[in-house]
Structure formats: structure tokens, C-alpha cells
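>>> This is the structure alone, sequence omitted:
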């Protein structure tokens, strides 16, 4: 049986079609976020990354509404913060209890990921891939568990700049989910392997973290 693989532009068109089924403000929230999150992505993969962000966000909304006890009409754009509403932001370090994803490795071989965490009870995350903008990346591969799902050994040694290593499917993390990943570190020194995706959270919590820039 043959498997049909959509071209990036076709996948983006499909994602926008799925997005169009949401109420207007929810559409604006997801589309505004996807554009802002993709602004530095290399042009040759921007359509694919935007498609995965949109599809991941739309696919996570039922979980968001159930777990955060919110309704779709309470969903607002990340640049329009209002108390009592919820919004969508990028996976910034503060969501993981950090100030930066950049880490100075003193040892090589398999190491625990610096952003392993149990997620906040007020946050639903969607991980669609990984980035490593460090000029001289040190991570060859990553594997482990993201929430209840296994992540098989995933090669990330070819990452550079703002390119995204897109996962085959998004990983949706409910509140209080554990991230338990291992990285294979090839050399000592600075590295910045980080998750790429979205987080849904109350607007007042988003403003307490860092201003959306």
C-alpha cells in the first residue's frame, strides 16, 4: 500500500483548512502565533514548520479545553492579553523553570536533558520538533519519553541556525506531564538543543513569564 506524502505547501493548505473551522478569534490566535514563531525559520522549510505548528495547535485544543477547564471563546491572541482568558506562546525557557536553553556540557556521552521537567498544572504543551541554534552544536541524538509517549532515538546532529528537526507527529503534553529525555553529547562545551512548539496557558500566567516579543 502506498503512502501519500503531502508537499509542504499542500500540508500548509490542509492545516489552514483545519484552522478555518475554529471561531474567528481562535483562528487569529493560532495564525498570529504561527507567523511569529516561524519568522526566523529558513524559507525552504517555513511552510512545513507553519503547517505543523497550526496542526499541532488545532489538534491540542480539545485537550486544552478539557485539562485547563476553558472554552474556545476564552482563547485570545498572544498580543492581546486579558485576565480570565487563555492564550498560546512559544516554548520559552521559563516554562521549563530555566532562563535559557543554552547549556555548557562538561561531560560527553549520554546525558540527561537540561530541560527535563514535570510541566506546570496550568500549561498544555505541544512539541513539534527541535532546534539547536548554537554555532557549534554538541548533541548528536535525543531519545526518551515525552509525557506518556516514547521518543525513539532521533538524530539531531545536522541542526544549524534556526532550522527545525520536525518530528513525525506532534507530542501533546497534559499538565503535570514528565519530560524524560537523554541527549548524546559529542564534545564538551556550549549547546542549545531546545523544544520547538507551543504552550497553551492562562493569559495572566503568560504575562508573568516574559513579554511576548
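Received it, and whenever you're ready, just let me know what you need. Computed from a predicted model, the values in this text were never measured in an experiment.

>>> which residues are contacting the helix or strand residue 25 falls within?
Take DSSP states H and E as the rule and residue 25 turns out to sit in helix 24-37. Helix 24-37 is touched from outside by 19-20, 22, 50, 53-54, 57-58, 61, 72-73, 75-79, 87-90, 196, 198, 212, with contacts defined as CB atoms under 8 Å, 6 or more residues apart in numbering. From N, CA and C alone the C-beta is placed, and that goes for glycine too.

>>> Sitting in strands, which of these do you find?
If you go by DSSP state E, the contacts of helix 24-37 have 87, 88, 89, 90, 196, 198 in strands.

>>> residues in contact with the fifth one?
Right, the one you point to is residue 196. So residue 196 contacts 37, 49, 91, 127, 128, 129, 130, 131, 164 (CB under 8 Å, 6+ apart).

>>> Can you pull the poorly scored residue ranges out of the protein?
Flagging of the chain using pLDDT under 70 yields the residue ranges 1-6, 210-213.

>>> Run through the strands of it in chain order.
Under DSSP E, the chain gives strands at 86-90, 103-105, 109-112, 124-131, 139-146, 149-155, 165-173, 179-185, 189-191, 194-202.

>>> orientation of the first one relative to helix 24-37 in degrees?
In terms of direction (axes from the mean of the first three to the mean of the last three CA atoms, to 10 degrees), strand 86-90 departs from helix 24-37 by 20 degrees.

>>> residues in contact with strand 86-90?
Contacts of strand 86-90 (CB under 8 Å, 6+ apart): 29-30, 33, 36-37, 57, 64, 68, 70, 74-78, 80-81, 197-203, 206, 209, 212.

>>> Got a quick ChimeraX command for the buried subset of those?
Those of the contacts of strand 86-90 that count as buried under 16 or more other CB atoms under 10 Å are selected in ChimeraX with:
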select :29,30,33,37,57,64,68,70,74,75,76,77,78,81,197,198,199,200,201,202,203,206,212
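
>>> can you state the direction angle for the longest helix seen in the chain and strand 194-202?
Criterion DSSP state H: the longest helix present in the chain is helix 43-68. On the basis of the same axes, to 10 degrees, helix 43-68 is oriented at 40 degrees to strand 194-202.

>>> Identify the residues contacting residue 40.
By CB under 8 Å, 6+ apart, residue 40 lies in contact with residue 162.
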